[in-house]
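>>> I'll drop the sequence and a predicted model, then ask my questions.
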Amino acid sequence: MADEPTSAPEASGPLLVLEWSGYEATEYPQFFQPFADAYEGRMDEVIEYSFFAEDAEAYTKLQSGFEADVLHPCNSWWSLYVDSGLVQPIDTARLSNWDGVHPDLAAMGQFSGEQYFVPWEWGYDSIIVRNDLVTEMPTAWADLWNDAYAGHVSIWDNAETAFVMTALAQGLDPWNTTAEEQEQIKQALIELKANVLTYWADYTESYELPTTGDVWLLANAWQDAYAYIESEGYDVSYLQPEEGRLGWVCGYAISSTSNNLDLAYELLDAAIAPESMAALGNEYWYGFSNMDALPMVDEYVVDFMNLDEVDTLTDRTVFYRPLSEEQRSMMSSIWDEVKAAP
């Protein structure tokens, strides 16, 4: 007798995911391959998305009462979610791919001895330079203030990154600033406006702005934007600033209000499956948390991202650190004042 056909798993969805655009499983199934395979033809029934453009927006949204099942913030915000009771501990025993996750990355998502976040991707913030348009090659974050680039700089419309970037350019510790140093950073950002053509918000703008010819230096860019622009034939560089590239780690959590746990764990486990991680590395040039994916990633990406040297990553990269509520509020207030200044 022929084997009975295996029925597709039952889903209790739809699972609501609070997400950055560009990672949705319905559009990019290769980043969640086992999940996409299990629900082929039914993805729109089992998963829905609500998008955000920066961490502050996602955090505020959940604080205001928005209920999602799964969320995807970055590491400097993780402690705020835990302290606010917005996420629940994760039972890593329910994740069949957990053993491949790099322990240093996993540790970033641990608070009070419990795992609250599943690290997924990591990468850099740096400066994309149109080599063919600049007469003077920048070498540091501080060079964004150089008059040679007046009217041809774009930076991310993000309070945290603007503050940290400027602190480094000023030779300050971004996470231990005095009131006087915070004023110094604010004034420096106001001065930078003379060089800024525009602030970019959505990641798609970071792909497009350097191709216009108007933006020569795109700051706070992630390496996927560099990969895309270079693949389009533009002569660009991705700087290793003298002060160090900024580094980030983002990952998934389950909200404290979610009761859709089976589907949530299934999505998280699929996200860290080696084949999903390899697709993320090959297509977006991102670092990934599950090192079992390394043999499946293109050699050029491994070399560019130093994916085989994750243990020494912090020696050459300035990683964002957890923010207190006071720091978050301070940075947000400074950024509001900067943008409002003439």
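Okay, I see it.
>>> how near is the spatially most central residue of the chain to G123?
Per CA atoms, centre = their mean, the C-alpha nearest to the average position across the chain is that of C250, at 5.2 Å. Separation of C250 from G123 (CB to CB, to the nearest Å): 9 Å. In this view, the C-beta of every residue, glycine as well, is placed from N, C-alpha and C.
>>> Repeat that for M108.
14 Å.
>>> secondary structure element for the residue nearest to the centre of the chain?
For C250, the element it lies in under DSSP states H and E is strand 245-255.
>>> Counting neighbours, what do you get for the residue lying closest to the residue nearest to the centre of the chain once chain neighbours are set aside?
Excluding the flanking residues, the one nearest C250 by CB to CB, 6 or more residues apart in numbering is C74, at 4.1 Å. Using other CB atoms under 10 Å, the number of residues around C74 comes to 20.
>>> separation between C74 and Y226?
19 Å.
>>> Where does the prediction get shaky in the protein?
Applying pLDDT under 70 to the chain picks out residues 1-13, 312, 314.
>>> Let me see the ranges of the strands in it.
Using DSSP state E, the strands assigned to the chain run over residues 15-20, 47-52, 70-71, 87-88, 110-111, 114-115, 118-130, 153-156, 196-200, 217-221, 236-238, 245-255, 287-288, 317-319.
>>> The fifth one packs against which elements?
Under the contact definition 3 or more CB pairs under 8 Å, 6 or more residues apart in numbering; DSSP states H and E, strand 110-111 sits against helix 78-83.
>>> next one: the third one
The helices and strands touching strand 70-71, judged by 3+ CB pairs under 8 Å, 6+ apart, are strand 15-20, strand 245-255, helix 261-271.
>>> Equivalent analysis for the fourth one, please.
Applying 3+ CB pairs under 8 Å, 6+ apart, we find strand 87-88 packed against strand 245-255.
>>> where's the strand it packs on relative to the chain centroid, distance-wise?
The chain centre lies 6 Å from the centre of strand 245-255; the measure is CA atoms, centre = their mean, to the nearest Å.
>>> do the same with stretch 166-173
Relative to its chain's centre, stretch 166-173 lies at 21 Å (CA atoms, centre = their mean).
>>> Same question for stretch 202-221.
Distance of stretch 202-221 from its chain centroid, counting by CA atoms, centre = their mean, is 17 Å.
>>> buried stuff in that stretch?
For stretch 202-221, a neighbour-count test (16 or more other CB atoms under 10 Å) marks 203, 205-207, 209-210, 215-221 as buried.
>>> I'd like to know how many residues surround L313.
The tally of other residues near L313 (other CB under 10 Å) stands at 20.
>>> That one and Y252, how far apart?
Distance, L313 to Y252, using CB to CB: 20 Å.
>>> before we move on, what about E57?
E57 is 17 Å from Y252, by CB to CB.
>>> Looking at the two, which is more packed in?
Comparing E57 with Y252 by other CB under 10 Å, the one with more neighbours is Y252, at 23 against 12.
>>> Report how many residues lie close to the closest residue to the more buried one other than its chain neighbours.
Once flanking residues are discounted, Y252 sits nearest to V118: 4.8 Å by CB to CB, 6+ apart. Counted with other CB under 10 Å, residues neighbouring V118 total 27.
>>> For V118, give its distance to S84.
19 Å.
>>> mind listing what G213 touches?
G213 is in contact with 130, 133, counting by CB atoms under 8 Å, 6 or more residues apart in numbering.
>>> Sorry, wrong one. I was asking about T177.
With contacts taken as CB under 8 Å, 6+ apart, T177 has the following neighbours: 167, 185.
>>> Now it. Its backbone dihedrals?
Taking degrees, to the nearest 10, you get phi -110, psi 140 for the backbone angles of T177.
>>> Relative to K186, how far out is it?
For T177, the distance to K186 - CB to CB - is 11 Å.
>>> mind listing what the nearest residue to E283 once chain neighbours are set aside touches?
Nearest residue to E283 in three dimensions, chain neighbours excluded: Q30, at 7.3 Å (CB to CB, 6+ apart). Listed by CB under 8 Å, 6+ apart, the contact set of Q30 reads 36, 275-276, 279, 283.
>>> I am finished for the moment; much appreciated.
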